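*Asks:* Here is my input, please return the structure:
(one chain, ligands or ions: 1)
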Amino acid sequence: MQRITTEALAKQFIDEQIAALKEQIGDSKVLLALSGGVDSSVTAALLIKAIGKNLVCVHVNHGLLRKGESEQVIKVFRDQLGAELIYVDAVDRFLDKLAGVSDPEQKRHIIGKEFIDVFAEEAAKLDGIKFLGQGTIYPDILESKDGIKAHHNVGGLPPELNFELVEPVKLLYKDEVRIVGTALGLPDSMVYRQPFPGPGLGVRCTGAITRDRLEALREADAILREEFAANGLADKVWQYFTIVPDYKSTGIKDGKRTYDWPVIIRAVNTRDAVTATVPELPFALLQHIVARITSEVPGVNRVLWDLTPKPTATIEWE
Ligand code: XMP
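*Replies:* Have a look, this model is predicted:
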């Protein structure tokens with residue numbers, strides 16, 4: 001297959017896919033879990049063009065998304081593209097299940113299982129769904145085949161759902177998916193979004209997640225993203241985020257002793273996430289970010305910068 005390198009080629013791919021999707025799906029309905037990530041967003045946008053309201057998108061807010069993320073999904077898909085979008089506020093459900101759980105793998109397991117349960121419950125409420133749309137891309141298939149990782153888009157479905165799969169971008173690489181997304185009219189902030197793990201902020205609020213620390217994490221992360229965007233770093237650094245660990249340290253504010261959380265800044269460059277390096281960041285910008293986080297985020301009195309490459313550290317802290 002010819003690689004998609006230009007907008008013209010993307011438009012051709014889109015036209016071909018729309019025809020193929022219409023043929024495959026007919027008058028049936030397709031259900032799609034829409035996280036707001038590039039792959040599911042491009043899949044949804046293609047399906048909307050092909051079958052309109054017969055695509056039913058489900059966006060599950062598990063409470064571990066970044067600031068503004070659910071709002072953007074609703075704005076782009078429901079308001080701008082006219083999608084049939086079911087928004088599920090599952091925040092309490094996830095956070096209650098995670099309360100007191102400190103083991104990272106157990107947290108991942110709970111988040112993954114709960115997500116499938118919520119999605120299956122929503123599917124059970126709907127009539128006439130025959131297909132499941134998935135944003136599987138080519139590297140997911142390669143990695144699953146090689147046993148490198150069990151990708152959530154490949155074979156991770158509850159078998160009782162019994163849907164046929166619709167995977168319109170499964171032969172594309174990430175850069176191609178992005179070109180197609182732009183040609184479909186999706187905003188850059190969605191198409192060029194940095195990778196964000198399925199368990200979301202859950203693995204960045206280390207140890208047992210509490211709502212107040214999660215909120216501090218969300219605010220600190222929003223400040224970091226805002227500053228990276230304002231300083232031209234958003235498309236130069238592969239992944240950047242904050243972590244709020246589950247311990248406190250002593251500080252001083254307005255002449256009074258504080259005992260609050262630190263925020264850790266993590267920013268890495270990598271080709272494939274197997275190894276990663278830490279890029280140099282302008283010191284004045286780091287100081288500015290420290291000043292903003294310590295003054296704007298309640299419960300935080302200290303900011304650290306993680307300088308460790310992978311190996312020996314992983315990109316995420318959990
Ligand atoms: P690590 O921490 O292993 O991360 O160096 C490598 C890349 O994978 C992402 N990551 C995940 N993505 N579910 C995901 O969908 C996960 O549980 C998960 N853990 C790590 C991480 O953000 C980085 O891009």
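*Asks:* Checking the closest residue to the ligand within the stretch 151-300 of the chain next. Helix, strand or coil?
*Replies:* Per Cβ to the nearest ligand atom, P197 is where the stretch 151-300 of the chain lies closest to the ligand, at 3.2 Å. Every residue, glycine included, has its C-beta placed from N, CA and C. At P197 the chain is in coil, as set by DSSP: H, G, I helix; E, B strand; the rest coil.
*Asks:* need the contact list for it.
*Replies:* By Cβ atoms under 8 Å, 6 or more residues apart in numbering, the contact list for P197 reads 203, 316.
*Asks:* Could you pull up phi and psi at it?
*Replies:* Torsion angles at P197 (phi, psi; degrees, to the nearest 10) stand at phi -70, psi 150.
*Asks:* Please could you give me each C-alpha atom of the top helix by length along the chain, formatted as PDB?
*Replies:* When the chain is parsed with DSSP state H, its longest helix is helix 104-125. Taking C-alpha atoms only, helix 104-125 is exported to PDB below (Å, rounded to 0.1, in the frame of the first residue of the first chain):
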ATOM      1  CA  PRO A 104       0.700   0.100  40.200                       C
ATOM      2  CA  GLU A 105      -0.200  -3.100  38.400                       C
ATOM      3  CA  GLN A 106      -3.300  -3.500  40.500                       C
ATOM      4  CA  LYS A 107      -4.300   0.000  39.800                       C
ATOM      5  CA  ARG A 108      -3.900  -0.600  36.000                       C
ATOM      6  CA  HIS A 109      -5.900  -3.800  36.300                       C
ATOM      7  CA  ILE A 110      -8.800  -2.100  38.100                       C
ATOM      8  CA  ILE A 111      -8.800   0.800  35.600                       C
ATOM      9  CA  GLY A 112      -8.800  -1.600  32.600                       C
ATOM     10  CA  LYS A 113     -11.400  -3.900  34.000                       C
ATOM     11  CA  GLU A 114     -13.700  -1.100  35.100                       C
ATOM     12  CA  PHE A 115     -13.400   0.500  31.700                       C
ATOM     13  CA  ILE A 116     -14.600  -2.700  29.900                       C
ATOM     14  CA  ASP A 117     -17.400  -3.100  32.500                       C
ATOM     15  CA  VAL A 118     -18.600   0.500  31.900                       C
ATOM     16  CA  PHE A 119     -18.400   0.200  28.200                       C
ATOM     17  CA  ALA A 120     -20.200  -3.200  28.200                       C
ATOM     18  CA  GLU A 121     -23.000  -1.700  30.300                       C
ATOM     19  CA  GLU A 122     -23.500   1.100  27.900                       C
ATOM     20  CA  ALA A 123     -23.400  -1.300  24.900                       C
ATOM     21  CA  ALA A 124     -26.100  -3.400  26.600                       C
ATOM     22  CA  LYS A 125     -28.400  -0.400  26.800                       C
END
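*Asks:* for that helix, which positions count as buried?
*Replies:* 104, 107-108, 110-111, 114-115, 118-119, 122-123 (16 or more other Cβ atoms under 10 Å).
*Asks:* Show me which of the residues you listed is closest to the ligand.
*Replies:* The closest of those to the ligand turns out to be R108 (Cβ to the nearest ligand atom; 5.1 Å).
*Asks:* That closest one and P199 touch, don't they?
*Replies:* Yes - using Cβ atoms under 8 Å, R108 is in contact with P199, at 5.1 Å.
*Asks:* Quickly list what's touching both of those two.
*Replies:* Residues touching both R108 and P199 (Cβ under 8 Å, 6+ apart): none.
*Asks:* Strands of the stretch 101-250 of the chain, start to end?
*Replies:* 129-133, 164-166, 239-243, 249-253 (DSSP state E, counting those that start in this stretch).
*Asks:* Which strand residues bridge I264?
*Replies:* According to DSSP bridges, the partner residues bridging I264 are I243, L304.
*Asks:* In this structure it contacts L304, no?
*Replies:* Yes - using Cβ under 8 Å, I264 is in contact with L304, at 4.8 Å.
*Asks:* Which of those two has more residues huddled nearby?
*Replies:* Ranked by neighbour count (other Cβ atoms under 10 Å), I264 and L304 place I264 first, with 19 against 15.
*Asks:* contacting residues for that one?
*Replies:* Contact analysis of I264 by Cβ under 8 Å, 6+ apart lists 242-245, 303-306, 317.
*Asks:* how near is P262 to V203?
*Replies:* Relative to V203, P262 is positioned 17 Å away (Cβ to Cβ, to the nearest Å).
*Asks:* still on that earlier bit, which members of the buried residues of helix 104-125 are the farthest-apart pair?
*Replies:* Farthest pair in the buried residues of helix 104-125 (Cβ to Cβ) is P104 and A123. Separation: 28.7 Å.
*Asks:* ok, now how distant is D254 from L47?
*Replies:* For D254, the distance to L47 equals 54 Å [Cβ to Cβ].
*Asks:* Among the contacts of I264, name the buried ones.
*Replies:* 242-245, 303, 306, 317.
*Asks:* dump the residue contacts of the most centrally placed residue in the chain.
*Replies:* Nearest to the geometric centre of the chain sits F196, at 3.8 Å (Cα atoms, centre = their mean). The contact partners of F196, taken as Cβ under 8 Å, 6+ apart, are 37, 66.
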